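Visitor: missing the sequence, but the structure's below:
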């Protein structure tokens, strides 16, 4: 594992934080490239990124603390950290979306078109973030003695590199949506709905491989990880709900779209000369 990339004096710059920021930059660059196709001004992407990323990181940390409150009650000094440790992507997605709603209300940017623009880039950003998890030694998978097992720092035995499972399926989802967009000429909102389906499906599969959080936290929450009477975790139930919401969004967008003016709508429903990603 390679959790610390370098140090500035005594302050460690963690690899996960660097990969997280790299994911944001790559996602913003992809979104800027996609923006003209969806009738969005590329300059607005960076404006929106601040309202997506900052609330997203705070939300990811707050949600993680809430999920593991029993542990943090006993370790209050670990509640807040600058090391990008202890984040959950569900919290980041929800709080980032709330930040976007505020920005969209102020900027009057077309709602569905903007969400369509950033869907695929978010999948790519999530994939890059999982490589950061691998370097950081968190979010590892279940114990295994197979050849693909990885020895994570301070964790006994070898474990499945579950981070690579999510990395793979997020990229597969991004590629599949890119190919579909080029062929289907989707109506506003449909691409975002399918993004939610792809995101939820990838996380659902990933949870089958994941052993999870640091060991001392895992021991305290393991008894509540699975939903009573069901063979799935709370995270997987959230994935299913997210995917169903995505299906609902895609169907709603398909049925309710009534077209737009020639100037605003033409570029959306025509194949751009610029690749989607």
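Guide: Perfect, thanks for sending it. As the structure is a computational prediction, the values presented were derived from the model and not from experiment. Numbers count the residues shown, from 1 in each chain.
Visitor: okay, now residue 236: neighbour count?
Guide: Residue 236 has 20 neighbours, counted by other Cβ atoms under 10 Å. Every residue, glycine included, has its C-beta placed from N, CA and C.
Visitor: can you list contacts of whichever strand or helix holds it?
Guide: Assigning secondary structure by DSSP states H and E places residue 236 in helix 234-256. When contacts are defined by Cβ atoms under 8 Å, 6 or more residues apart in numbering, helix 234-256 is touched by residues 90, 112, 187-190, 192-201, 203-204, 207, 224-227, 230, 232.
Visitor: Could you turn the buried ones of those residues into a PyMOL selection?
Guide: PyMOL command restricting those to the buried ones, with burial defined by 16 or more other Cβ atoms under 10 Å:
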select buried, resi 90+112+187+188+189+190+192+193+194+195+196+197+198+199+200+201+203+204+207+225+232
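Visitor: Could you pull out the helices in the stretch 101-250 of the chain for me?
Guide: Here the stretch 101-250 of the chain has its helices, by DSSP state H, counting those that start in this stretch, at 111-136, 162-184, 190-209, 215-221, 234-256.
Visitor: Can I get the ones you listed in JSON lines including distance to residue 41 and mean pLDDT?
Guide: Formatted as JSON lines, these follow (distance: least, Cβ to Cβ, whole Å; pLDDT from 0 to 100):
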{"stretch": "helix 111-136", "distance to residue 41": "10", "mean pLDDT": "95"}
{"stretch": "helix 162-184", "distance to residue 41": "20", "mean pLDDT": "95"}
{"stretch": "helix 190-209", "distance to residue 41": "18", "mean pLDDT": "94"}
{"stretch": "helix 215-221", "distance to residue 41": "43", "mean pLDDT": "42"}
{"stretch": "helix 234-256", "distance to residue 41": "22", "mean pLDDT": "92"}
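Visitor: got TSV for these, with distance to residue 60 too?
Guide: Output for the helices of the stretch 101-250 of the chain, formatted as TSV (distance: least, Cβ to Cβ, whole Å):
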stretch	distance to residue 60
helix 111-136	10
helix 162-184	15
helix 190-209	14
helix 215-221	15
helix 234-256	13
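Visitor: Not counting sequence-adjacent ones, nearest residue to the most centrally placed residue in the chain?
Guide: The centroid of the chain falls nearest to residue 126 when counting by Cα atoms, centre = their mean (4.3 Å). Among residues not flanking residue 126 along the chain, residue 170 sits closest, at 4.9 Å (Cβ to Cβ, 6 or more residues apart in numbering).
Visitor: for residue 35, same thing?
Guide: Sequence neighbours aside, residue 42 is the residue nearest to residue 35 in space, at 4.5 Å (criterion: Cβ to Cβ, 6+ apart).
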